[in-house]
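> 3D model of this:
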Amino acid sequence: MANKYLARRETPLLRGRSRFGEMGRTRPMLYPFSEVVVPKPADWPQQAHITGYWFHDREWWIPDPALERFIAQGQPPVLLTLGSTWPVHDADRTVDAAISAARRASRPLVIVGGPDQEYPPDVLRVTEVDYGWLMPRCAAVIHHGGCGTAGSALRAGLPQVSVPAVFDNPFWAARMHSLGVSPPPLPLHKFDDARLATAVATAVSDVRLRERSLELAERMTGEDGLTAAADIVERWHATAAVVA
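Below you'll find the model as predicted:
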């Protein structure tokens, strides 16, 4: 039977010109990461700007007393956070593997998000947290390779273990390893308990990873990506002939 959609000949014309070609040339293109992580390529156009990370610092944020007690009770914990990719991962399996890996490293585990269930005493789940407060108090972080999460860990001088799954996750995970702040990434399709345990043990105990993380954190000191981005947009707006 003929496909009635293929038979249709009345295709509306797309008129006008896309403005995306102007981005980075006549209009600013903003990249919310640090040049410490990805230096600006020499062939990028003038209006392509690496601003530094856009951190959401909340000085008013107060940690839950249960989290404060958990952090204070012993060794700095391992942190597990998968951000928006929790639905992509097998959450129950990932949590079980992270608990086992943290225990093998003789560390408690803090989980941000994930399954809402009963956990053993050496594990604490929270639904919302300020990374600027929590990450400097941790020994290492297991994450999905998100740009913002990796940047927060860098700023905290925190060794990382990446389990990338989708979109740009593999790029940032590979970049963290190239920078020397992470063991090799564990792509989701190759993820298993033994590999995660080995990677976490390395992140917690390898002095070189910690020192390199602290070195990059020091190099990022003073960066204010949000202010830089706002300044770029305001300067462009003040000089642009037409804003549309």
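
> switch to C-alpha atoms for all contacts and neighbour counts from now on
OK.

> Report the central residue of this protein.
Geometric centre of the chain, nearest residue: residue 149, 2.4 Å, by Cα atoms, centre = their mean.

> ok now do that residue, which residues does it touch?
With contacts defined as Cα atoms under 8 Å, 6 or more residues apart in numbering, residue 149 is in contact with residue 143.

> Report the next helix or strand after the helix or strand harbouring it in sequence order.
Following DSSP states H and E, one finds residue 149 within helix 147-155. As assigned by DSSP H and E, the chain's next helix or strand after helix 147-155 is strand 160-162.

> Remind me what that next one packs against, helices and strands.
strand 140-143, helix 193-205 (3 or more Cα pairs under 8 Å, 6 or more residues apart in numbering; DSSP states H and E).

> Direction included, what does the shortest one pair against?
Same thing as strand 140-143. Its sheet considered, strand 140-143 pairs with strand 78-81 (parallel), strand 160-162 (parallel) by DSSP bridges.

> now the strands for the protein?
29-31, 48-50, 78-81, 109-112, 123-126, 140-143, 160-162 (DSSP state E).

> related to what we said a few turns ago, just so I know, which of the helices and strands packed on strand 160-162 lies nearest residue 93?
helix 193-205 (8.8 Å; Cα to Cα).

> now the closest one, how far from the centre of its chain.
How far helix 193-205 lies from its chain's middle: 19 Å, per Cα atoms, centre = their mean, to the nearest Å.

> Which residues does that helix contact?
Residues contacting helix 193-205 (Cα under 8 Å, 6+ apart): 97-98, 100-102, 104-105, 139-140, 142, 159-161, 182-184, 186, 209-210.

> and if you look at stretch 208-223?
Here stretch 208-223 makes contact (Cα under 8 Å, 6+ apart) with 34, 36, 52-53, 154-159, 180-182, 203.

> could you give the mean pLDDT of that stretch?
In this model, stretch 208-223 carries a mean pLDDT of 98.

> Tell me where this structure has helices.
65-72, 91-104, 131-134, 147-155, 169-179, 193-205, 207-220, 225-239 (DSSP state H).

> Just the buried ones from the contacts of stretch 208-223?
Listed as buried from those are 34, 52-53, 154-159, 180-182, 203; burial here means 16 or more other Cα atoms under 10 Å.

> which two from those residues end up farthest apart in space?
Maximum pairwise distance among the buried ones among the contacts of stretch 208-223 (Cα to Cα): 24.9 Å, between 52 and 203.

> re the thing from before, TSV for the strands paired with strand 140-143, including mean pLDDT and mean neighbour count?
Output for the strands paired with strand 140-143, formatted as TSV (pLDDT from 0 to 100; neighbours: other Cα atoms under 10 Å):
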stretch	mean pLDDT	mean neighbour count
strand 78-81	98	24
strand 160-162	98	32
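
> returning to that earlier point: tilt between the helix holding residue 149 and helix 207-220?
100 degrees (axes from the mean of the first three to the mean of the last three Cα atoms, to 10 degrees).

> chain center to helix 147-155: distance?
That offset, for helix 147-155, works out to 5 Å (Cα atoms, centre = their mean).

> Mind exporting the C-alpha coordinates of it to PDB?
The C-alpha trace of helix 147-155 is given here as PDB (Å, rounded to 0.1, in the frame of the first residue of the first chain):
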ATOM      1  CA  CYS A 147      30.000  19.200  33.000                       C
ATOM      2  CA  GLY A 148      28.800  21.000  36.100                       C
ATOM      3  CA  THR A 149      29.400  18.100  38.500                       C
ATOM      4  CA  ALA A 150      32.900  17.600  37.200                       C
ATOM      5  CA  GLY A 151      33.600  21.300  37.600                       C
ATOM      6  CA  SER A 152      32.300  21.400  41.100                       C
ATOM      7  CA  ALA A 153      34.600  18.500  42.000                       C
ATOM      8  CA  LEU A 154      37.500  20.300  40.400                       C
ATOM      9  CA  ARG A 155      36.900  23.400  42.400                       C
END
